[in-house]
Structure formats: structure tokens, C-alpha cells
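# only geometry, no sequence info:
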């Protein structure tokens, strides 16, 4: 999905982390809420979402948040 997402307008990047048990988080970054809505409605992404619900994940959480500031050292 990352390869597909990277072709979508407004895609800024993605970060993922997993622990030894496979529990993890993936964060995708988008330029606008409209870009997020367009990604959410992408036909191939919709099929992957359905497969995730029925095959891959017993549970999941989705959050949409705005990054106001980011920095690192």
C-alpha cells in the first residue's frame, strides 16, 4: 500500500514500527484532509481495508491528527 499511496497527490511519507510480537503502528503523512479522504476512497486501498478487517487484524485503531510541529536531534 505504501507504494500505491506514494503515487497519490498529497502523500508526504510514512513511518512504521513493530515489536517482536508483530504489534505495531504505521503513520502516513498527507498534505491535507482532502488528500486523506481521497486516499481512503482509492479502490485498491478499499480492497486492502476490507481484507484487513476480515483477514489480517482482530482489531485496529485509526486516528487522523494534525502535526503542528515536529523536530528531532
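All right, it came through fine. As the structure is a computational prediction, the values presented were derived from the model and not from experiment. Residues are numbered from 1 along each chain as shown.
# the helices in the chain, which residues?
2-5, 33-40, 43-51 (DSSP state H).
# Flag every buried residue along the longest one.
The one in question is helix 43-51. residue 45 (16 or more other CB atoms under 10 Å). C-beta coordinates here come from the backbone N, C-alpha and C atoms, glycine included.
# hmm, back to that, turn the helices of the chain into a markdown table, columns for mean pLDDT.
Listed next are the helices of the chain as a markdown table, based on pLDDT from 0 to 100:
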| stretch | mean pLDDT |
| --- | --- |
| helix 2-5 | 94 |
| helix 33-40 | 95 |
| helix 43-51 | 93 |
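# Using TSV, lay out those helices together with distance to residue 23.
Shown next, in TSV, are the helices of the chain (distance: least, CB to CB, whole Å):
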stretch	distance to residue 23
helix 2-5	19
helix 33-40	23
helix 43-51	19
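# Tell me the spacing between the most centrally placed residue in the chain and residue 21.
With the centre of the chain defined as its mean C-alpha position, the nearest residue by CA atoms, centre = their mean is residue 28, 4.3 Å away. As for residue 28, its distance to residue 21 is 23 Å (criterion: CB to CB, to the nearest Å).
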